[in-house]
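Asks: what's the 3D shape of this:
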Amino acid sequence: MKNILLFSILLCSAANMSAQCLSITTCHSNETVCDLTPNNNLLWNDNSWWDQFNQSHDLSEAPSDLFAVAVDTCSGANLTVKYTLFIDLDQDGVAETVVKSWDPPAPGTVNFNNFNNPNYDGGASRVFDQRAVPSDQKYQFALETIAVGDTLTGRLRWNTQADPNTFVVPELPYSYVNKIKWEFEDNLANLQVCNNLFIVKDCKAPTVTCLNGLSTNVYPGGGFNLQAIDLLQYADDNSTLAPFLRYGIRKSGTGTGFPVDAQGNPITSIFFVCPDQGLQNIELWAIDLYGNADFCETYVLVQDNAGYCDGTISLHHLVCIRRACDNAMVMNVQTGIWGPVTFAPPFSYFSTDSTLVNVAGCYSFDSTFNAFPIPNTINISVSKDDDPLNGVTPFDLLKIAKHIMGIEPLGTYNMIAADANKSNSITTFDIVELRKLIQGTYQELSANTSWRFVDAAYTFPNPANPFQSAFPGTSSFSNLIQDSIYVSGFIAIKIGDVDCDANPGAIAPPDDRQVKFLSMPDAVLAPGETIEIPLSFTEAGDWVAMQLGLQYDPSLLEIEAIVLGNFPDLEESSFASPSPGILNLVWFTTQANQVIAHEKIFTLHLRAKQNLQLSQTLQLTQRKPETPRRLQAEAYDARGTAFNFELLFRENEIGEASNQNLVYQPQPNPTNSKTTIPIQLIQEETVRIAVTDVSGKLLWEQELMLGEGLQMLDIPAAVLSKAGVYFWRVEAGSVVASGKVIRV
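Replies: Numbers count the residues shown, from 1 in each chain. A predicted model of the protein is given here:
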């Protein structure tokens, strides 16, 4: 019995000794992966990802060197290691995606949302490696092991199928909820486990460059309001996109860190008064979405060349109005100011900004107060209800639809912009209202104004739901003091414009969009003759939204019917005819649609009422100051890039196959200068063009070698030297086309 007991004690001692042989020497917890690198737009950049902070499909990522080290003094090199990686890829605070080193996902992918599955299997395969390389060169999750004596190191790495022995540090998306579990086991079945919690975040401050010193004069009344944005020359960040950088401003030496007020809001302006004349040193700060901030220093020279500081005034008030999406100044805003006065009737004053003094993006009411006693309280309101179509396109409808579907949530102010029917919610009814506005069925929104305004000092209790409580559209000041300065700030929101392309000012910005082309065959019709005319793109593209208007003389032409093509989500309700001679199309889809060149978008069934030529009767509408209700022909691709469209009429017969060269009508025709003949080539081709006069005399010819695709043949103005009729002829391979052009 004693021998048996002794043997049992020896067995237990041996087991305890073997368990103590294996130990993990390196496995830190609560680590921070600090990113100082530029964002790589070829990684974690796909429609299936969504960065709710940057409002982008491109997740920011950082090189994440994660590893653990174990020692086994009993079994030596007979150690194995594996990891289980838990990552939060949808930024909701829960690590929903698991990567197993012993069963990694396919190259270039992760198995999204597999955490709750048995053994972490399944999940949705999502691509993280967007590099244009063969599939065997795509990054895949891997485990690198390094054994030295009785020590084994395991490292989280990427490698490729083409080169499995070359490891790189993986780049993981920003997240505050991640974990990696390391498991070491020796040949005696001893197991040691450690869990390493880590976060991946941006640690690099934005780069901010100031404008060199400004010189400015005080306004009537003796003051000047300087906005932070007025001093900005350039700002950039490795992660935060430009629209989401915030700016602050202060006089140099009056504080530390990013400038904020008592409520934690950025201080975005400084008001200078007469005693501040002279050189003022200024700090301009920029802060990113992760709280990293830096500043540049410049100066402002405050002057009083007009002598305003020599006079006196009882009260100063500025109203500053900036657009939510880009801080741009909004013009033509009606501003109202009113309040009670002791021993006098209440006063009120309303005016558009054109009658007020513009001071660095703000409007002064000083001259107004000169006509009234000092009030007990002043209340400020602003309104703007003009040009409701400004900035509203089908691309906005697409972004609103994606918000409703949960694909791309909108930011706080864009949610207000999306609430077209002012119901304090965002639904498909808002999309319907805005589509009718674009189509011209509505001349204005029935339940909303063109712009809405929020007091800039207001903080939303729940930024994810700005409708949770009523937000103020006015600002008020009480206990007013003579010779004091009061500033009201308002955030302006263009209803329906969630992609920030409305024009906030009186002068439209230059249109530098690339031009694409729509085409249809030309035809000459007699009275009563009918014809089917297809409309198509001249080149392939991946389109998500489009709008266009066709304009014609209803006394010459009638559209009897519209036959839909192969466009997804193109419906009869996509078309509207708000007035005789106008046909408007508004279309969008939540999935990019790859369109083949010359594939029919839709077909028009036309009937001529008089003798006509289509190219002289039908044209695209254009939005101009004199025609603000006309649609500008434009489309958006899957990357959100906007293109303008022009309409080309081709000489070839209707229904001709798209595997032939195509020749279009001269643009413009008639012309008072040169003209251009577009041609579509299916391959590299020798092209000949000739111009003759009415007698057949050759005036000009040219032979060119042109590549595949849409090409432009210019007929110089010198060839069309005087008013009259000229004949042109184009030979492109087996296709020969001819016609006439008129010089006026």
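Asks: residues touching residue 55, list them.
Replies: 241, 244, 408, 410, 411 (Cβ atoms under 8 Å, 6 or more residues apart in numbering). C-beta here means a position set from N, CA and C on the backbone, and glycine is covered the same way.
Asks: Residue 399 is in contact with residue 431, correct?
Replies: No. Residue 431 is not in contact with residue 399 according to Cβ atoms under 8 Å; the separation is 10.3 Å.
Asks: These two: who's more crowded?
Replies: Set side by side, residue 431 and residue 399 give different neighbour counts by other Cβ atoms under 10 Å, the larger being at residue 399 (24 against 20).
Asks: The most centrally placed residue in the chain in helix, strand or coil?
Replies: Centroid-nearest residue in the chain, with Cα atoms, centre = their mean: residue 499, separated by 5.9 Å. In terms of secondary structure, residue 499 is coil; the call rests on DSSP: H, G, I helix; E, B strand; the rest coil.
Asks: Need the phi and psi values for it.
Replies: Residue 499 adopts backbone torsions of phi -110, psi 10, taken as degrees, to the nearest 10.
Asks: tell me the contacts of it?
Replies: 391, 393, 395, 396, 399, 640.
Asks: got it, and residue 741?
Replies: 666, 669, 670, 671, 675, 715, 720, 725, 726, 727, 728 are the contacts of residue 741 under Cβ under 8 Å, 6+ apart.
Asks: Just list whatever residues bridge to it.
Replies: Under DSSP bridges, the beta-bridge partners of residue 741 are residue 726.
Asks: how far away is it from residue 676?
Replies: Distance, residue 741 to residue 676, using Cβ to Cβ, to the nearest Å: 10 Å.
Asks: between these two, what contacts are shared?
Replies: 666, 715.
Asks: picking that back up, now rank the contacts of residue 499 by neighbours and give me the top one.
Replies: residue 396 (28 neighbours).
Asks: What helices and strands are in contact with the longest strand along the chain?
Replies: Across the chain, the longest stretch assigned as strand under DSSP state E is strand 582-595. Under the contact criterion of 3 or more Cβ pairs under 8 Å, 6 or more residues apart in numbering; DSSP states H and E, strand 582-595 touches helix 394-405, helix 428-439, strand 541-551, strand 575-576.
Asks: how far off helix 394-405 does that strand point, in degrees?
Replies: With axes from the mean of the first three to the mean of the last three Cα atoms, to 10 degrees applied, the angle from strand 582-595 to helix 394-405 works out at 60 degrees.
Asks: Sketch out the strands for the stretch 551-700 of the chain, chain order is fine.
Replies: Assigned strands in the stretch 551-700 of the chain, in chain order: 557-564, 575-576, 582-595, 600-608, 612-613, 619-620, 634-637, 642-650, 662-663, 675-681, 685-692, 698-706 (criterion: DSSP state E, counting those that start in this stretch).
Asks: ok, back up a step: report the buried residues of the longest strand of the chain.
Replies: Buried residues in strand 582-595, counted by 16 or more other Cβ atoms under 10 Å: 582, 583, 584, 585, 586, 587, 588, 589, 590, 592, 593, 595.
Asks: Show me the strands paired with that strand, marking each as parallel or antiparallel.
Replies: strand 541-551 (antiparallel), strand 575-576 (antiparallel).
Asks: pretty sure residue 517 is touching residue 649, no?
Replies: No. Contact between residue 517 and residue 649 fails when scored by Cβ under 8 Å: they sit 10.8 Å apart.
Asks: The two: which is more packed in?
Replies: residue 649 (22 against 19).
Asks: show me what contacts the closest residue in space to residue 280 that isn't next to it in sequence?
Replies: Distance criterion Cβ to Cβ, 6 or more residues apart in numbering; nearest residue to residue 280, sequence neighbours excluded, is residue 300 at 4.8 Å. Applying Cβ under 8 Å, 6+ apart to residue 300 gives the contacts 213, 214, 215, 216, 226, 231, 272, 279, 280, 282.
Asks: Which members of those residues occur in strands, if any?
Replies: Short answer: the contacts of residue 300 in strands (DSSP E) are 214, 215, 216, 226, 272, 279, 280, 282.
Asks: To be precise, which single item in these has the lowest pLDDT?
Replies: Ranked by pLDDT, those bottom out at residue 272 (80).
Asks: Find the least confident helix or strand in the chain, judged by mean pLDDT.
Replies: helix 2-21 (a mean of 43; mean pLDDT, DSSP states H and E).
Asks: just curious, which of the contacts of residue 499 is nearest to residue 61?
Replies: For the contacts of residue 499, the residue nearest residue 61 by Cβ to Cβ is residue 640; the value is 21.2 Å.
Asks: pretty sure the closest one is touching residue 395, no?
Replies: Yes. Here residue 640 reaches residue 395: they are 7.1 Å apart, a contact under Cβ under 8 Å.
Asks: before we move on, back to that, got a PyMOL select line for the buried ones in the ones in strands among the contacts of residue 300?
Replies: Applying 16+ other Cβ under 10 Å to the ones in strands among the contacts of residue 300, the buried members can be selected in PyMOL as follows:
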select buried, resi 214+216+226+272+280+282
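Asks: In CSV, list the ones in strands among the contacts of residue 300 along with distance to residue 624.
Replies: Listed next are those as CSV, based on distance: Cβ to Cβ, whole Å:
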residue, distance to residue 624
214, 36
215, 38
216, 36
226, 36
272, 41
279, 46
280, 44
282, 41
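Asks: from the ones in strands among the contacts of residue 300, which single one is nearest residue 72?
Replies: The closest of the ones in strands among the contacts of residue 300, once distances to residue 72 are taken by Cβ to Cβ, is residue 282, at 62.4 Å.
Asks: what domains does the record give for this structure?
Replies: As assigned by automatic domain parsing, the chain contains the domains 19-202, 207-383, 510-658, 661-744.
Asks: Including distance to residue 419, could the ones you listed go into TSV?
Replies: Below are the domains of the chain laid out as TSV (distance: least, Cβ to Cβ, whole Å):
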stretch	distance to residue 419
domain 19-202	18
domain 207-383	14
domain 510-658	18
domain 661-744	41
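Asks: Would you mind saying which of the ones you listed lies nearest residue 420?
Replies: domain 510-658 (13.9 Å).
Asks: Figure out how far that closest one is from the centre of its chain.
Replies: 26 Å (Cα atoms, centre = their mean, to the nearest Å).
Asks: Ok, stretch 276-286 next?
Replies: 33 Å.
Asks: who's in contact with that stretch?
Replies: 205-206, 208, 210, 218, 226, 228, 231-232, 235, 237, 245-253, 258-259, 270, 272, 293-304, 309.
Asks: Point out where the stretch 201-350 of the chain drops to low pLDDT.
Replies: The stretch 201-350 of the chain contains residues with pLDDT under 70 at 219-223, 308, 310-317, 339-350.
Asks: Equivalent analysis for the stretch 351-500 of the chain, please.
Replies: Residues of the stretch 351-500 of the chain that meet the cut-off, pLDDT under 70, sit at 351-361, 364-376, 479-486.
Asks: residue ranges of the helices in this protein, please?
Replies: Ranges of helices in the chain, per DSSP state H, are 2-21, 366-369, 394-405, 412-418, 428-439, 614-617.
Asks: List the contacts of residue 636.
Replies: Contacts of residue 636 (Cβ under 8 Å, 6+ apart): 393, 394, 395, 398, 543, 544, 545, 546, 642, 643.
Asks: Of those residues, select the buried ones using a ChimeraX command.
Replies: Applying 16+ other Cβ under 10 Å to the contacts of residue 636, the buried members can be selected in ChimeraX as follows:
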select :393,394,395,398,543,544,545,546,642,643
